[in-house]
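A.B. asks: I would like to see how this sequence folds:
(one chain, ligands or ions: 1)
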Amino acid sequence: MIIPENVKTSSVQDCLGKSSELLIKLSKDFDIKDYPVDAPLKKKEYIKSTLEYDPFRIFVGEDYGGYGGDIKESLSLLSLASYHSLQLTLVYGINWALFIQPLQKYGTDIAKEEILNKVSYEKKIGGLMITEPDYGSDALNMKTNFSKVENGYHIEGQKHWGGLSGIADYWVLTCRENKGEGKLSRDIGFFINDNNATEQRIKTTQYYNTGGLEIITYGLNQLDIIVPEHYRFTNPMTGIKMMLDCLHRSRIQFSGMGMGYMKRLLEEAINHCEERKVGNKKLIEYDKVKERLVTIQSAFTINSAMCHYASKTTQLEKDLSGLGLEANCVKSLLTDLMQESAQSLVQLKGGNGYNKDNIAGRAIMDSRPFQIFEGSNDILYIQIGEAIIKKMQKGKFDNFRALMSDIYPYMNFEPCIELLNQVKIPEKADQQKVHSLGEIFASIFSLDLLGSLSSAGYNQDLIMQANLFIVKRIKGLITKIRCVLTPELLQDFSLDSDWTKMSD
Ligand SMILES: Cc1cc2nc3c(=O)[nH]c(=O)nc-3n(C[C@H](O)[C@H](O)[C@H](O)COP(=O)(O)OP(=O)(O)OC[C@H]3O[C@@H](n4cnc5c(N)ncnc54)[C@H](O)[C@@H]3O)c2cc1C
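C.D. replies: The predicted structure is shown next:
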């Protein structure tokens with residue numbers, strides 16, 4: 001590898017420091033209302049302007065011109081970006097978890113040498129395409145397919161919603177092998193393409209007009225491309241396991257994208273409530289206001305515990321394909337807290353909170369899709385609930401508390417242990433309650449993470465506050481799971497449902 005002469009930084013700290021100064025300067029431009037939906041190149045230019053100091057070198061291994069890809073340092077970069085902009089951190093998160101890490105772990109040596117050096121020094125960006133118009137949550141049934149041809153692989157199909165559609169230089173692609181006569185393999189194949197090479201170019205035929213995250217281009221993409229043989233990912237496991245390993249790592253690393261954002265929301269909220277007076281009293285003196293501030297502050301601490309966990313768990317050499325339960329807990333609870341914190345901040349800011357041109361106003365719409373992509377939270381909670389029921393049956397546990405004591409023998413937070421006796425295990429077919437069970441377990445899981453953060457020396461008052469916040473949350477969920485009232489859906493609601501036709 002040849003290191004260019006004009007490298008801009010000499011260490012991770014130098015790179016983080018210079019990038020931080022740059023983001024402060026650029027942050028006044030983070031309102032992108034001037035970029036229409038079909039101005040992808042303007043958006044690309046803007047994204048590249050934030051990469052002046054080649055921050056993606058922090059994500060890349062030393063063999064390819066990077067600083068090593070250390071998890072803690074990489075989480076710090078995501079956090080730095082998210083303090084200024086949630087959309088920017090998502091650009092960085094996509095590049096780290098969905099492009100660089102999968103390529104570095106599963107790409108061939110030739111592909112890594114060729115592509116990662118360009119990421120390090122030429123500001124090349126990438127993304128991941130899994131979702132298809134008819135196969136989102138049901139992604140394993142995807143129809144995009146590949147066939148071996150003389151000069152590589154022919155890939156054809158349709159993908160949509162890939163973050164950075166139309167502007168990424170490289171794509172990690174998933175598809176199934178065409179077995180002929182309309183049959184596709186069950187397993188998934190992973191490839192990479194170079195979108196700057198003519199026969200590999202994916203065409204974006206439509207750009208989506210998203211509700212938030214406008215700096216990121218989304219759209220509908222047509223694939224009819226030929227990629228060279230060495231652009232197929234290799235691995236000793238199945239493609240589905242490879243996908244799980246990548247997605248679980250990414251879900252746990254969401255914590256980095258949440259961290260700076262939570263800190264910023266907390267600072268904005270406390271500063272605003274200290275300054276704003278309503279009825280001769282500072283907002284911060286009102287009890288209901290304090291409740292909202294505690295929500296954001298607890299979310300900040302829980303997010304910190306998740307980062308601490310991610311920094312110990314998600315090293316590239318580890319196989320995370322079996323960590324579905326843990327990854328689903330982190331992703332679903334964190335992104336729910338991100339949205340709840342945004343709702344609280346906007347409420348506290350009153351009318352001004354509804355302005356789109358600062359981080360508070362943007363937060364609701366920008367954080368909302370985090371609850372949808374990489375696994376819809378509804379589905380993730382159901383999967384967690386189902387996994388817990390399975391563990392109960394397999395281990396022949398007759399109550400929830402016994403299972404929790406088995407998983408977490410060291411959990412000693414008394415208010416929570418008392419509550420565990422009240423958790424009623426639902427029937428597997430009762431999806432609504434299985435979902436609530438999933439939410440309960442995600443909360444208990446985060447209590448365990450808080451315990452580890454506490455042992456590592458974190459502020460004990462913040463830990464206690466977050467513990468109580470979680471226990472209160474679990475208590476509400478237990479009420480939900482024990483409730484026997486289930487209103488039935490009426491699909492045809494036209495009968496006697498127009499109030500204007502009712503008698504006075
Ligand atoms: C901003 C944004 C960024 C994205 N980035 C990417 C990307 O970079 N790459 C990529 O490949 N994709 C990306 N996606 C796509 C995303 O992963 C999918 O939208 C997501 O997986 C859901 O698929 P879908 O939209 O087809 O919804 P559907 O599969 O139709 O699901 C819609 C809803 O139906 C309900 N539902 C579905 N199945 C069940 C079930 N079994 N039980 C109960 N409820 C159920 C859930 O509430 C779910 O949210 C992105 C999407 C958005 C909005």
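A.B. asks: the domain parsing of this structure - what is it?
C.D. replies: By the record's domain assignment, the chain is partitioned as 12-124, 129-237 (automatic domain parsing).
A.B. asks: tell me which of those lies nearest to Met257.
C.D. replies: Counting by Cβ to Cβ, Met257 lies closest to domain 12-124 out of those; the figure is 4.5 Å. (C-beta placed from N, C-alpha, C; glycine too.)
A.B. asks: report the mean confidence score over the closest one.
C.D. replies: Mean pLDDT, taken over the full extent of domain 12-124, equals 94.
A.B. asks: still on that earlier bit, nearest to the ligand, of the domains of the chain?
C.D. replies: Taking Cβ to the nearest ligand atom, domain 129-237 is the member of those nearest to the ligand, at 1.8 Å.
A.B. asks: ok now the closest one, how far from the chain's centre?
C.D. replies: Chain-centre distance of domain 129-237: 20 Å, with Cα atoms, centre = their mean, to the nearest Å.
A.B. asks: ditto for stretch 270-287
C.D. replies: 33 Å.
A.B. asks: what's the answer for stretch 291-299, then?
C.D. replies: Averaged over its C-alpha atoms, stretch 291-299 has a centre that lies 21 Å from its chain's centre (Cα atoms, centre = their mean).
A.B. asks: now do the buried residues in that stretch.
C.D. replies: For stretch 291-299, burial by neighbour count (16 or more other Cβ atoms under 10 Å) applies to Arg292, Leu293, Val294, Thr295, Ile296, Gln297, Ser298, Ala299.
A.B. asks: pull the residues that contact that stretch.
C.D. replies: 262, 265-266, 269-270, 273, 284, 337-338, 340-341, 344-345, 347-348, 462, 465-466, 469-470 (Cβ atoms under 8 Å, 6 or more residues apart in numbering).
A.B. asks: and the residue nearest to Tyr64 when sequence neighbours are not counted, how many neighbours?
C.D. replies: Closest residue to Tyr64 apart from its sequence neighbours, by Cβ to Cβ, 6 or more residues apart in numbering: Leu116 at 3.5 Å. Leu116 has 26 neighbours, counted by other Cβ atoms under 10 Å.
A.B. asks: any buried residues in the host helix or strand of Leu116, and which?
C.D. replies: Assigning secondary structure by DSSP states H and E places Leu116 in helix 109-122. Neighbour-count burial for helix 109-122, counted by 16+ other Cβ under 10 Å, picks out Ala111, Lys112, Glu114, Ile115, Leu116, Asn117, Lys118, Val119, Ser120, Tyr121.
A.B. asks: re the thing from before, just the buried residues out of the contacts of stretch 291-299, in PyMOL syntax.
C.D. replies: Selecting only the buried entries of these in PyMOL, with 16+ other Cβ under 10 Å as the criterion:
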select buried, resi 262+265+266+269+273+284+337+338+341+344+345+348+462+466+469+470
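A.B. asks: the ligand contacts on the protein?
C.D. replies: 94, 127-131, 136-137, 161-163, 213, 369, 372-374, 376, 378-379, 382 (Cβ under 6 Å from any ligand atom).
A.B. asks: wait, isn't Ile270 in contact with Ile284?
C.D. replies: Yes - counting by Cβ atoms under 8 Å, Ile284 is a contact partner of Ile270 at 7.4 Å.
A.B. asks: before we move on, back to that, now, which of the buried residues of stretch 291-299 sits nearest the ligand?
C.D. replies: Ala299 (20.8 Å).
A.B. asks: apart from its chain neighbours, what residue comes closest to that closest one?
C.D. replies: Closest to Ala299 by Cβ to Cβ, 6+ apart is Leu337, at 4.0 Å.
A.B. asks: secondary structure element for that neighbour?
C.D. replies: Going by DSSP H and E, Leu337 is in helix 324-349.
A.B. asks: now the element after that helix, going C-ward?
C.D. replies: helix 359-367.
A.B. asks: tilt between that following helix and helix 324-349?
C.D. replies: 150 degrees (axes from the mean of the first three to the mean of the last three Cα atoms, to 10 degrees).
A.B. asks: roughly how far out does helix 359-367 sit from the chain middle?
C.D. replies: Offset of helix 359-367 from its chain centre (Cα atoms, centre = their mean): 15 Å.
A.B. asks: for it, buried residues please.
C.D. replies: Applying 16+ other Cβ under 10 Å to helix 359-367 flags Ile359, Ala360, Gly361, Arg362, Ala363, Ile364, Met365, Asp366, Ser367 as buried.
A.B. asks: before we move on, the earlier item: ok, now how distant is the residue nearest to Tyr64 from Val434?
C.D. replies: Computed with Cβ to Cβ, to the nearest Å, the distance linking Leu116 and Val434 is 42 Å.
A.B. asks: ditto for Gly93
C.D. replies: Distance, Gly93 to Val434, using Cβ to Cβ: 29 Å.
A.B. asks: go on, Ala97?
C.D. replies: In terms of Cβ to Cβ, Ala97 sits 28 Å off from Val434.
A.B. asks: cool, Glu214 as well?
C.D. replies: Separation of Glu214 from Val434 (Cβ to Cβ): 36 Å.
A.B. asks: for Lys288, same thing?
C.D. replies: 33 Å.
A.B. asks: start and end of stretch 53-60, how far apart?
C.D. replies: 14 Å (Cα to Cα, to the nearest Å).
A.B. asks: so what does the longest helix seen in the chain touch, helix or strand wise?
C.D. replies: As assigned by DSSP state H, the longest helix anywhere in the chain is helix 239-275. In terms of contacts (3 or more Cβ pairs under 8 Å, 6 or more residues apart in numbering; DSSP states H and E), helix 239-275 is packed against helix 71-84, helix 86-93, helix 101-106, strand 189-194, strand 281-282, helix 287-313, helix 324-349, helix 359-367.
A.B. asks: quick one, that helix and helix 359-367 angle?
C.D. replies: Orientation note: helix 239-275 sits at an angle of 160 degrees relative to helix 359-367 (the same axes, to 10 degrees).
A.B. asks: packing partners for the strand of greatest length in the chain?
C.D. replies: Criterion DSSP state E: the longest strand present in the chain is strand 170-180. Applying 3+ Cβ pairs under 8 Å, 6+ apart, we find strand 170-180 packed against helix 101-106, strand 126-129, strand 145-149, strand 152-160, strand 183-184, strand 189-194.
A.B. asks: closest to Thr486 out of those?
C.D. replies: Taking the helices and strands packed on strand 170-180 one by one with Cβ to Cβ, strand 152-160 is closest: 35.1 Å.
A.B. asks: Asp319: what secondary structure?
C.D. replies: coil (DSSP: H, G, I helix; E, B strand; the rest coil).
A.B. asks: how close does it sit to Gly61?
C.D. replies: 18 Å.
A.B. asks: Asn328 too?
C.D. replies: For Asn328, the distance to Gly61 - Cβ to Cβ - is 28 Å.
A.B. asks: looking at the two, which is more packed in?
C.D. replies: Ranked by neighbour count (other Cβ under 10 Å), Asn328 and Gly61 place Asn328 first, with 27 against 18.
A.B. asks: which intervals of the stretch 101-250 of the chain have sub-threshold pLDDT?
C.D. replies: Residue ranges of the stretch 101-250 of the chain with pLDDT under 70: none are present.
A.B. asks: let's see it at 80
C.D. replies: 236 (pLDDT under 80).
A.B. asks: same deal with the stretch 301-450 of the chain?
C.D. replies: Looking at the stretch 301-450 of the chain by pLDDT under 80, you get 357-359, 411-415.
A.B. asks: let's see 70
C.D. replies: Residue ranges of the stretch 301-450 of the chain with pLDDT under 70: 412.
A.B. asks: dump the residue contacts of the residue nearest to Ala299.
C.D. replies: Taking Cβ under 8 Å, 6+ apart as the contact definition, Leu337 lies against Gly258, Met262, Ala299, Ile302, Asn303.
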